[in-house]
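J.: Have a look at this fold, sequence not included:
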Ligand SMILES: *Cc1c(COP(=O)(O)O)cnc(C)c1O
C-alpha cells in the first residue's frame with residue numbers, strides 16, 4: 001500500500017529535542033520537522049502529495065486542480081509538486097486578486113500555477129472545482145481534482161506512513177512520547193495519524209488542535225476523518241478499530257477564526273523563534289503551538305511526560321502577515 005508514491009519529500013524529517021524551551025517550561029518537548037519536507041519550504045502536504053501525484057500520473061492525468069485560501073500551503077506545495085512532475089496546475093483561491101503577491105501566493109505564481117480567484121463568495125469550493133474541471137477537460141486536458149488540503153484516503157496515506165517513520169525514530173532515539181500535538185484543519189493529517197497510530201502501535205495520545213471555527217465546515221471534521229478511516233478499512237492491509245466517538249479535536253484555540261492572528265499566535269511564534277531559532281506559522285502551527293503552551297502552563301498535562309510537537313510547515317505565510325507580526 002505504501003510502496004507506490006511519487007518521491008517529492010526529503011524523508012525522514014528530523015526528530016529532535018528542544019533543550020531551551022524544555023528548560024523554560026520544565027517539560028520535555030521534542031519537535032518533528034515536517035517544515036523541512038522540501039517542496040519550496042516544506043510542510044505536511046508534501047507527504048500527501050507523494051501519493052496524490054502518483055495516482056494522477058498512474059491514471060493518465062496531465063492537469064491537476066485544487067483549492068484553498070490565498071495563503072494556502074497546500075496550494076503552494078501542489079504547485080511545486082506539479083512543476084516537478086510535469087503536470088499543469090490550476091489553483092482555485094478564495095477572494096479577489098490582491099494587488100501585491102506575498103508568501104505562498106507569490107510562490108505558487110513563481111511555480112507556474114494558473115491562479116483563479118473566486119471573488120467574494122468563498123464557499124462551495126467543491127462545486128467550483130467541478131466546474132473548473134469541466135472547463136479544462138473541454139479544452140482536451142485530463143484533469144485530476146485534489147480535494148482541499150489533499151484530505152482523502154490517498155493523501156492520508158502520507159501520514160499513515162509518517163507514523164511508521166516516527167515509530168522508527170522513537171526506537172532509534174529510545175524515546176516514548178505521551179502526547180503528540182499538531183494542527184488539524186481539513187482532517188487528512190489527523191486521519192492518517194490515527195490509522196498509523198493503531199497499525200504501528202504508538203501509545204502517545206494525539207492532541208489535534210483545531211484551527212478553523214466549527215461553523216466553517218460544510219461537513220463536520222470528525223465525519224470527514226471517519227469517512228477516510230472507513231475507506232481505509234475497505235482496502236487497507238491492516239484494518240483498524242476506531243469508533244467514531246474516539247475521533248475528537250481540541251476546539252479551544254480556534255475562536256478568532258481561520259487566518260486571524262491574535263496575541264496567542266504572536267506569543268507562540270516569538271517564544272519558539274527566540275528560544276530555539278525555529279519559526280512556526282501564523283495560521284496553523286502558531287495556533288497549535290500556543291495550544292500546547294497553554295496546556296503546559298496550566299498544568300493540564302501530568303509532570304514528567306514527553307511531548308512531541310509535530311511541525312506541519314507554513315512558514316511562507318509569515319511573509320504575508322507582516323502587519324500582524326511586526327508588533
Ligand atoms: C494544511 C495544514 C495543516 C492541517 O493539515 P490537515 O491535513 O489539513 O488537517 C496544518 N499545518 C499546516 C502548516 C498546513 O498547511
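T.: Arrived safely, thanks for sending. This structure is a prediction, so every number in the text was calculated from the model and none was measured.

J.: Please make it C-alpha for all contacts and neighbour counts, starting now.
T.: Noted.

J.: Tell me which residue lies nearest the centroid of this protein.
T.: A centroid search over the chain (Cα atoms, centre = their mean) returns residue 44, at 4.3 Å, as the residue closest to the centre.

J.: What is the burial count for the closest residue to that one other than its chain neighbours?
T.: Nearest residue to residue 44, sequence neighbours excluded (Cα to Cα, 6 or more residues apart in numbering): residue 312, at 4.9 Å. One way to gauge burial is a neighbour count; for residue 312, by other Cα atoms under 10 Å, it gives 27.

J.: next one: residue 166
T.: 20.

J.: Over to residue 216?
T.: Neighbours around residue 216, by other Cα under 10 Å: 12.

J.: Which residues of the protein lie near the ligand?
T.: Neighbours of the ligand within the chain, by Cα under 6 Å from any ligand atom: 43, 73-74, 149, 151, 183-189, 284-285, 312-314.

J.: For residue 46, give its distance to residue 159.
T.: 10 Å (Cα to Cα, to the nearest Å).

J.: In helices only, show me the residues of the chain next to the ligand.
T.: 73-74, 188-189, 285 (DSSP state H).

J.: what sits against the residue nearest to residue 44?
T.: Applying Cα atoms under 8 Å, 6 or more residues apart in numbering, one finds that residue 312 lies in contact with 33-35, 43-44, 182-183, 285.

J.: mind checking how far it is from residue 90?
T.: 23 Å.

J.: Repeat that for residue 168.
T.: 37 Å.

J.: Which one's more surrounded, these two?
T.: residue 90 (27 against 14).

J.: Can you verify the more buried one is assigned to a strand?
T.: Yes. When classified by DSSP: H, G, I helix; E, B strand; the rest coil, residue 90 is found to be part of a strand.

J.: contacting residues for residue 128?
T.: Applying Cα under 8 Å, 6+ apart, the residues near residue 128 are residue 92.

J.: tell me the secondary structure for it?
T.: Going by three-state DSSP: residue 128 is helix.

J.: And the one 5 residues further on, by the same measure?
T.: For residue 133, the assignment made with three-state DSSP gives helix.

J.: Residue 88 contacts residue 80, doesn't it?
T.: No. The criterion here is Cα atoms under 8 Å, and residue 88 misses it with residue 80 at 10.6 Å.

J.: which one of those two has more residues nearby?
T.: residue 80 (25 against 19).

J.: next one: phi and psi at that one?
T.: phi -70, psi -40 (degrees, to the nearest 10).

J.: how much space between it and the ligand?
T.: In this view, residue 80 and the ligand are 14 Å apart by Cα to the nearest ligand atom, to the nearest Å.
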